[in-house]
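Trainee: for reference, the sequence and a predicted model appear below.
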Amino acid sequence: MKTLTDNWSTYWDGFLGTLSLFAVSAVLSLVLGVLIASFRVSPVKPLRIFGTAWVTILRNTPLTLLFFIVVLGLPRFDITLPFYTFAVLALGCYTSAFVCEAMRSGVNTVPLGQGEAARSLGMTFGQTMGLVVLPQAYRSVVAPIGSVLIALAKNTAIAGSFSVTELLGTYRTINELGYSIIWTFVWIAVGYLIITLAISAVFNLLERRLAVSR
(Lines give C-alpha, C1' and ligand atoms only; values in the text may rest on other atoms or scores of the structure.)
Protein backbone atom coordinates (compact mmCIF):
# COMPACT_ATOMS: atom_id res chain seq x y z
CA MET A 1 0.00 0.00 0.00
CA LYS A 2 2.94 2.34 0.58
CA THR A 3 3.50 2.71 -3.16
CA LEU A 4 -0.12 3.80 -3.57
CA THR A 5 -0.45 6.04 -0.53
CA ASP A 6 2.87 7.85 -1.05
CA ASN A 7 2.06 8.54 -4.71
CA TRP A 8 -1.71 8.99 -4.49
CA SER A 9 -1.73 12.38 -6.24
CA THR A 10 0.34 11.02 -9.14
CA TYR A 11 -1.93 8.02 -9.55
CA TRP A 12 -5.04 10.18 -9.23
CA ASP A 13 -3.87 12.65 -11.90
CA GLY A 14 -3.09 9.74 -14.23
CA PHE A 15 -6.44 8.10 -13.49
CA LEU A 16 -8.32 11.33 -14.26
CA GLY A 17 -6.22 11.80 -17.40
CA THR A 18 -7.19 8.34 -18.63
CA LEU A 19 -10.86 8.96 -17.83
CA SER A 20 -10.76 12.27 -19.70
CA LEU A 21 -9.07 10.72 -22.73
CA PHE A 22 -11.56 7.87 -22.73
CA ALA A 23 -14.66 10.05 -22.36
CA VAL A 24 -13.80 12.56 -25.09
CA SER A 25 -12.47 9.90 -27.48
CA ALA A 26 -15.53 7.72 -26.87
CA VAL A 27 -17.90 10.55 -27.83
CA LEU A 28 -15.87 11.29 -30.96
CA SER A 29 -15.70 7.62 -31.94
CA LEU A 30 -19.44 7.09 -31.44
CA VAL A 31 -20.37 10.14 -33.50
CA LEU A 32 -17.93 9.28 -36.29
CA GLY A 33 -18.80 5.57 -36.13
CA VAL A 34 -22.53 6.16 -36.60
CA LEU A 35 -21.84 8.68 -39.39
CA ILE A 36 -19.47 6.34 -41.25
CA ALA A 37 -21.89 3.43 -40.80
CA SER A 38 -24.56 5.58 -42.46
CA PHE A 39 -22.14 6.26 -45.30
CA ARG A 40 -21.47 2.54 -45.74
CA VAL A 41 -25.16 1.73 -46.25
CA SER A 42 -25.92 4.91 -48.19
CA PRO A 43 -27.36 4.69 -51.72
CA VAL A 44 -24.80 7.35 -52.74
CA LYS A 45 -21.79 5.53 -54.16
CA PRO A 46 -19.09 8.14 -53.26
CA LEU A 47 -20.24 7.99 -49.63
CA ARG A 48 -20.06 4.19 -49.64
CA ILE A 49 -16.54 4.33 -51.10
CA PHE A 50 -15.45 6.87 -48.49
CA GLY A 51 -16.94 4.80 -45.66
CA THR A 52 -15.31 1.60 -46.89
CA ALA A 53 -11.92 3.30 -47.29
CA TRP A 54 -12.17 4.84 -43.80
CA VAL A 55 -12.86 1.48 -42.15
CA THR A 56 -10.36 -0.48 -44.22
CA ILE A 57 -7.48 1.93 -43.62
CA LEU A 58 -8.05 2.54 -39.91
CA ARG A 59 -8.81 -1.06 -38.95
CA ASN A 60 -5.60 -2.21 -40.63
CA THR A 61 -3.34 0.52 -39.28
CA PRO A 62 -1.58 -0.06 -35.92
CA LEU A 63 -2.76 2.51 -33.39
CA THR A 64 0.80 3.48 -32.47
CA LEU A 65 1.52 4.26 -36.12
CA LEU A 66 -1.66 6.33 -36.29
CA PHE A 67 -0.44 8.32 -33.29
CA PHE A 68 2.82 9.06 -35.10
CA ILE A 69 0.93 10.09 -38.25
CA VAL A 70 -1.29 12.48 -36.28
CA VAL A 71 1.37 13.90 -33.95
CA LEU A 72 4.16 14.23 -36.53
CA GLY A 73 2.16 14.53 -39.76
CA LEU A 74 -0.47 17.16 -39.01
CA PRO A 75 2.06 19.85 -37.91
CA ARG A 76 3.63 19.59 -41.38
CA PHE A 77 0.34 21.00 -42.69
CA ASP A 78 0.51 23.82 -40.12
CA ILE A 79 -2.04 22.09 -37.89
CA THR A 80 -0.60 22.63 -34.43
CA LEU A 81 -2.69 21.36 -31.53
CA PRO A 82 -2.04 20.27 -27.94
CA PHE A 83 -0.81 16.69 -27.60
CA TYR A 84 -4.02 15.88 -25.73
CA THR A 85 -6.07 16.89 -28.78
CA PHE A 86 -3.83 14.87 -31.09
CA ALA A 87 -4.32 11.84 -28.82
CA VAL A 88 -8.11 12.27 -28.86
CA LEU A 89 -8.11 12.50 -32.67
CA ALA A 90 -6.00 9.36 -33.03
CA LEU A 91 -8.02 7.35 -30.50
CA GLY A 92 -11.40 8.62 -31.70
CA CYS A 93 -10.78 8.05 -35.39
CA TYR A 94 -9.24 4.63 -34.84
CA THR A 95 -12.08 3.43 -32.62
CA SER A 96 -14.73 4.88 -34.94
CA ALA A 97 -13.86 2.24 -37.53
CA PHE A 98 -14.78 -0.53 -35.08
CA VAL A 99 -17.90 1.31 -33.91
CA CYS A 100 -18.90 1.65 -37.56
CA GLU A 101 -18.68 -2.07 -38.19
CA ALA A 102 -20.63 -2.84 -35.02
CA MET A 103 -23.34 -0.38 -36.08
CA ARG A 104 -23.40 -1.72 -39.63
CA SER A 105 -23.97 -5.24 -38.29
CA GLY A 106 -26.87 -3.85 -36.27
CA VAL A 107 -28.32 -2.10 -39.28
CA ASN A 108 -28.23 -5.40 -41.16
CA THR A 109 -30.45 -6.97 -38.49
CA VAL A 110 -33.26 -4.52 -39.24
CA PRO A 111 -35.67 -6.01 -41.82
CA LEU A 112 -35.43 -4.41 -45.25
CA GLY A 113 -39.15 -3.82 -45.17
CA GLN A 114 -38.68 -1.24 -42.41
CA GLY A 115 -36.59 1.00 -44.65
CA GLU A 116 -38.78 0.42 -47.67
CA ALA A 117 -41.87 1.35 -45.69
CA ALA A 118 -40.20 4.54 -44.50
CA ARG A 119 -39.21 5.51 -48.04
CA SER A 120 -42.73 4.76 -49.29
CA LEU A 121 -43.97 7.34 -46.80
CA GLY A 122 -41.70 9.91 -48.41
CA MET A 123 -38.89 9.90 -45.86
CA THR A 124 -35.41 10.85 -46.99
CA PHE A 125 -32.45 8.53 -46.44
CA GLY A 126 -31.37 10.59 -43.43
CA GLN A 127 -34.83 10.45 -41.89
CA THR A 128 -35.10 6.72 -42.54
CA MET A 129 -31.77 6.06 -40.83
CA GLY A 130 -32.32 8.45 -37.93
CA LEU A 131 -35.96 7.68 -37.16
CA VAL A 132 -36.46 4.08 -38.24
CA VAL A 133 -33.31 2.02 -38.78
CA LEU A 134 -30.77 3.25 -36.22
CA PRO A 135 -33.13 3.24 -33.20
CA GLN A 136 -33.78 -0.47 -33.86
CA ALA A 137 -30.15 -1.24 -34.66
CA TYR A 138 -28.92 0.21 -31.37
CA ARG A 139 -30.53 -2.61 -29.38
CA SER A 140 -28.47 -5.30 -31.05
CA VAL A 141 -25.12 -3.50 -30.90
CA VAL A 142 -24.96 -2.55 -27.20
CA ALA A 143 -22.68 -5.49 -26.28
CA PRO A 144 -20.30 -5.13 -29.27
CA ILE A 145 -19.93 -1.39 -28.75
CA GLY A 146 -19.31 -1.99 -25.05
CA SER A 147 -16.42 -4.28 -25.99
CA VAL A 148 -15.06 -1.68 -28.40
CA LEU A 149 -15.13 1.03 -25.72
CA ILE A 150 -13.41 -1.24 -23.19
CA ALA A 151 -10.63 -1.68 -25.76
CA LEU A 152 -10.55 2.11 -26.19
CA ALA A 153 -10.05 2.59 -22.43
CA LYS A 154 -7.00 0.31 -22.57
CA ASN A 155 -5.70 1.90 -25.77
CA THR A 156 -5.42 5.28 -24.01
CA ALA A 157 -2.20 3.90 -22.49
CA ILE A 158 -0.42 4.67 -25.77
CA ALA A 159 -1.01 8.39 -25.27
CA GLY A 160 1.45 8.42 -22.39
CA SER A 161 4.30 7.96 -24.84
CA PHE A 162 3.26 11.22 -26.51
CA SER A 163 3.48 13.52 -23.48
CA VAL A 164 -0.16 13.12 -22.46
CA THR A 165 -0.99 12.60 -18.79
CA GLU A 166 -2.62 9.19 -18.32
CA LEU A 167 -2.50 6.26 -15.92
CA LEU A 168 0.20 4.04 -17.43
CA GLY A 169 2.60 6.96 -17.78
CA THR A 170 2.69 7.40 -14.00
CA TYR A 171 5.12 4.48 -13.70
CA ARG A 172 7.99 6.64 -14.96
CA THR A 173 7.58 9.25 -12.23
CA ILE A 174 7.05 6.69 -9.46
CA ASN A 175 9.92 4.46 -10.63
CA GLU A 176 12.31 7.40 -10.58
CA LEU A 177 11.45 7.88 -6.89
CA GLY A 178 12.70 4.37 -6.16
CA TYR A 179 9.43 2.57 -5.51
CA SER A 180 8.91 -1.08 -6.45
CA ILE A 181 8.20 -1.35 -10.18
CA ILE A 182 6.06 -4.44 -9.56
CA TRP A 183 3.72 -2.69 -7.13
CA THR A 184 3.71 0.40 -9.33
CA PHE A 185 2.26 -1.64 -12.17
CA VAL A 186 -0.09 -3.55 -9.85
CA TRP A 187 -1.84 -0.32 -8.83
CA ILE A 188 -1.89 0.88 -12.45
CA ALA A 189 -3.58 -2.39 -13.39
CA VAL A 190 -6.12 -1.88 -10.61
CA GLY A 191 -6.92 1.55 -12.02
CA TYR A 192 -7.58 0.16 -15.49
CA LEU A 193 -9.62 -2.65 -13.97
CA ILE A 194 -11.87 -0.15 -12.20
CA ILE A 195 -12.46 1.74 -15.45
CA THR A 196 -13.16 -1.33 -17.58
CA LEU A 197 -15.44 -2.92 -15.00
CA ALA A 198 -17.41 0.31 -14.75
CA ILE A 199 -17.85 0.43 -18.54
CA SER A 200 -18.87 -3.21 -18.58
CA ALA A 201 -21.44 -2.63 -15.81
CA VAL A 202 -22.98 0.32 -17.67
CA PHE A 203 -23.33 -1.62 -20.91
CA ASN A 204 -24.68 -4.71 -19.15
CA LEU A 205 -27.36 -2.50 -17.61
CA LEU A 206 -28.15 -0.94 -20.99
CA GLU A 207 -28.35 -4.36 -22.61
CA ARG A 208 -30.83 -5.62 -20.00
CA ARG A 209 -33.02 -2.54 -20.24
CA LEU A 210 -33.11 -2.55 -24.01
CA ALA A 211 -33.84 -6.29 -24.04
CA VAL A 212 -36.95 -5.66 -21.89
CA SER A 213 -38.21 -3.00 -24.27
CA ARG A 214 -38.02 -5.19 -27.38
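Mentor: That came through fine.

Trainee: buried set for stretch 195-211?
Mentor: The neighbour-count check on stretch 195-211 (16 or more other C-beta atoms under 10 Å) flags 195-196, 199, 203, 206 as buried. Bear in mind the C-beta positions are built from the backbone N, C-alpha and C, glycine included.

Trainee: which of those sit farthest apart?
Mentor: Farthest apart among the buried residues of stretch 195-211 by C-beta to C-beta are Ile195 and Leu206. That separation is 17.0 Å.

Trainee: can you pull the contacts of Ile49?
Mentor: Shown in contact with Ile49 (C-beta atoms under 8 Å, 6 or more residues apart in numbering): no residues.

Trainee: which strand or helix spans it?
Mentor: helix 45-59 (DSSP states H and E).

Trainee: ok so, going back, now, which of the buried residues of stretch 195-211 sits nearest Thr109?
Mentor: Leu206 (16.9 Å).

Trainee: helix or strand for the residue nearest to that closest one when sequence neighbours are not counted, which one?
Mentor: Closest residue to Leu206 apart from its sequence neighbours, by C-beta to C-beta, 6 or more residues apart in numbering: Val142 at 5.1 Å. Using DSSP H and E, Val142 falls within helix 134-155.

Trainee: mind checking the pLDDT average for the following helix or strand past that helix?
Mentor: Where DSSP H and E defines the elements, the next helix or strand beyond helix 134-155 is helix 170-176. Averaging the model's pLDDT scores along helix 170-176 yields 81.

Trainee: next SSE after helix 170-176?
Mentor: Helices and strands here follow DSSP H and E; after helix 170-176, the next one along the chain is helix 181-212.

Trainee: what packs against that following helix?
Mentor: Applying 3 or more C-beta pairs under 8 Å, 6 or more residues apart in numbering; DSSP states H and E, we find helix 181-212 packed against helix 2-6, helix 8-40, helix 134-155, helix 170-176.

Trainee: rewinding a little: name the residues of the helix holding Val142 that are buried.
Mentor: Across helix 134-155, burial judged by 16+ other C-beta under 10 Å covers 134, 137-142, 144-146, 148-150, 152-153, 155.

Trainee: ok, of those, which one's closest to Val88?
Mentor: Leu152 (11.0 Å).

Trainee: separation between the closest one and Tyr84?
Mentor: For Leu152, the distance to Tyr84 equals 16 Å [C-beta to C-beta, to the nearest Å].

Trainee: likewise for Leu19?
Mentor: Distance of Leu19 to Tyr84, computed by C-beta to C-beta: 13 Å.

Trainee: and what of Thr156?
Mentor: 11 Å.

Trainee: same check on Leu112?
Mentor: 43 Å.

Trainee: in terms of neighbours, single out the busier of these two.
Mentor: Comparing Leu112 with Tyr84 by neighbour count (other C-beta atoms under 10 Å), the higher total belongs to Tyr84, at 18 against 8.
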